[in-house]
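Undergrad: with the sequence up front, the predicted model follows.
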Amino acid sequence: MTTTTNFEISKKLAEIGFSRQAFWVWTSKGCCCPFETYLDGFRAYDLETLLDALPKNYLVKNDWLECFLNRDFNGTKRLENESLADTAGRLIIKLHEKNLIKF
């Protein structure tokens, strides 16, 4: 399975109104299942989907991975042992809270 946002970040993204096509969903039982088979729950997003939703000024000259791993985006640094999908999800949440992006 592709690395996706964890349950808490998926839930928060849903609360702020973020919605994109997802391949996985967190169910009420706490498992991540294919979206087509279990439509009730919080969508789990992969990194590519989240990067597509970010304003392009956060992705510098196609060197997004290096920047994402080593830069502080509006106070959002990658936490130890955190997936890049979770870091991108937290960044989207923070930008929404600061009214820098809307859905």
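TA: Arrived safely, thanks for sending.
Undergrad: can you tell me the closest non-neighbouring residue to residue 97?
TA: If the residues on either side of it in the chain are set aside, residue 97 comes closest to residue 16, at 7.8 Å by CB to CB, 6 or more residues apart in numbering. For every residue, glycine as well, the C-beta is placed using N, CA and C.
Undergrad: for that neighbour, what are its contacts?
TA: 93, 96, 97, 103 (CB atoms under 8 Å, 6 or more residues apart in numbering).
Undergrad: after the helix or strand bottoming out on mean pLDDT in the chain comes which helix or strand?
TA: One helix or strand of the chain scores below all others by mean pLDDT, DSSP states H and E: helix 64-70, with a mean of 59. Next along the chain after helix 64-70, taking DSSP states H and E as the criterion, comes helix 84-97.
Undergrad: give the buried residues for that following helix.
TA: Neighbour counts over helix 84-97 (16 or more other CB atoms under 10 Å) mark 84, 85, 86, 87, 88, 89, 90, 91, 92, 93, 95, 96 as buried.
Undergrad: how about it as PDB, C-alpha atoms only?
TA: Extracted C-alpha coordinates of helix 84-97, given in PDB (Å, rounded to 0.1, in the frame of the first residue of the first chain):
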ATOM      1  CA  LEU A  84       5.800  12.900   3.700                       C
ATOM      2  CA  ALA A  85       2.000  12.500   3.100                       C
ATOM      3  CA  ASP A  86       1.400  13.400   6.800                       C
ATOM      4  CA  THR A  87       3.800  16.400   6.500                       C
ATOM      5  CA  ALA A  88       2.000  17.600   3.400                       C
ATOM      6  CA  GLY A  89      -1.400  17.100   5.100                       C
ATOM      7  CA  ARG A  90      -0.300  19.100   8.200                       C
ATOM      8  CA  LEU A  91       0.900  21.900   5.800                       C
ATOM      9  CA  ILE A  92      -2.400  22.100   4.000                       C
ATOM     10  CA  ILE A  93      -4.200  22.200   7.400                       C
ATOM     11  CA  LYS A  94      -1.900  25.000   8.600                       C
ATOM     12  CA  LEU A  95      -2.300  27.000   5.400                       C
ATOM     13  CA  HIS A  96      -6.100  26.700   5.600                       C
ATOM     14  CA  GLU A  97      -6.100  27.800   9.300                       C
END
